[in-house]
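1. need a structure here:
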Amino acid sequence: MNLHMQEVENMRKMWFGLGLIALLIGMTLGGVSAWRGQPGPNPYAGTAQSVVTPNSTLTTYYAPLSEDEINGLLYMVEEEKLARDVYLTLYNETGLTVFSNIANSEQRHMDAVLSLIEKYNLTAPDTLD
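-> Got it, this is the predicted structure:
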């Protein structure tokens with residue numbers, strides 16, 4: 001019976017390790033893809049909407065969002081939540097402070113995206129509950 005429990009524990013550790021490796025590879029490939037990407041054209045170039053005036057700030061600046069931008073914000077907040085949850089799980093499993101620090105950083109990213117969702121009067125996804 002004890003041998004079976006040891007096998008189960010070894011299997012669990014192996015799958016956890018493989019999952020962590022897959023996560024790190026995915027994050028690396030995503031970072032490389034983002035770094036090599038090309039910015040899209042500015043749809044507001046040359047219009048009055050593209051200029052932030054000296055009396056305004058990025059918090060008061062407002063321009064209408066396209067459907068792609070709205071969908072991007074809603075996707076981004078879910079991605080930040082997923083990343084936060086993954087790092088919280090890794091911290092709970094390992095107790096390593098680095099995972100707690102990264103989870104806190106992901107929470108700040110999530111809060112920033114949520115502030116944009118609020119600024120543009122969008123409804124945050126239900127999956128954040």
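2. Tell me which helix or strand comes right after the helix or strand of the chain with the lowest mean pLDDT.
-> Counting by mean pLDDT, DSSP states H and E, the chain has its least confident helix or strand at helix 2-36, which shows a mean of 80. Along the chain past helix 2-36, the next helix or strand (assigned with DSSP states H and E) turns out to be helix 67-94.
3. next SSE after that following helix?
-> Criterion used, DSSP H and E; the element after helix 67-94 is helix 97-119.
4. Let me see the mean pLDDT of that next one.
-> Averaging the model's pLDDT scores along helix 97-119 yields 92.
5. just checking, what packs against it?
-> Here helix 97-119 is seen to pack against helix 67-94 when contacts are counted using 3 or more CB pairs under 8 Å, 6 or more residues apart in numbering; DSSP states H and E. Heads up, the C-betas are built off the backbone N, CA and C, glycines and all.
6. which residue sits closest to the most centrally placed residue in the chain, ignoring its sequence neighbours?
-> Nearest to the mean C-alpha position of the chain, counting by CA atoms, centre = their mean, stands E80 at 2.5 Å. With CB to CB, 6 or more residues apart in numbering as the criterion, E80 has its nearest non-adjacent residue at 4.0 Å, and that residue is M110.
7. What distance do you get for that neighbour to N121?
-> When CB to CB, to the nearest Å is the yardstick, M110 and N121 sit 19 Å from each other.
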